[in-house]
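In: from the sequence below, what's the structure:
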Amino acid sequence: RTASSEQVRRPIFREGLDQWRHYEPWLGPLVEALGPVLPAYPEVPEFGP
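Out: Residues are numbered from 1 along each chain as shown. A predicted model of the protein is given here:
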């Protein structure tokens, strides 16, 4: 389903931004696998057409 015009105008649900922290205890192996990519993430250029 696509968002309705009413849904698009709603503010972002900010309280949900930290929901990932519930899973933080299990993210260690992923963080290790990503290695230096994770700290550099904001600097990685966009890829695309």
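In: roughly how far does A33 sit from P42?
Out: Computed as C-beta to C-beta, to the nearest Å, the A33 to P42 distance reads 19 Å. Every C-beta, even on glycine, is put in place using the N, C-alpha and C of the backbone.
In: quick one: which of those two has more around it?
Out: When A33 and P42 are compared for neighbours, A33 comes out ahead with 9 against 5, by other C-beta atoms under 10 Å.
In: so which helix or strand takes in that one?
Out: If you go by DSSP states H and E, A33 is part of helix 28-34.
In: list of residues touching that helix?
Out: L38 (C-beta atoms under 8 Å, 6 or more residues apart in numbering).
In: could I have whichever helix or strand comes after that helix exported to CSV, CA atoms only?
Out: Where DSSP H and E defines the elements, the next helix or strand beyond helix 28-34 is helix 37-40. Extracted C-alpha coordinates of helix 37-40, given in CSV (Å, rounded to 0.1, in the frame of the first residue of the first chain):
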residue,chain,number,x,y,z
VAL,A,37,32.6,0.7,7.1
LEU,A,38,30.3,1.5,10.1
PRO,A,39,32.2,4.6,11.4
ALA,A,40,32.7,5.8,7.8
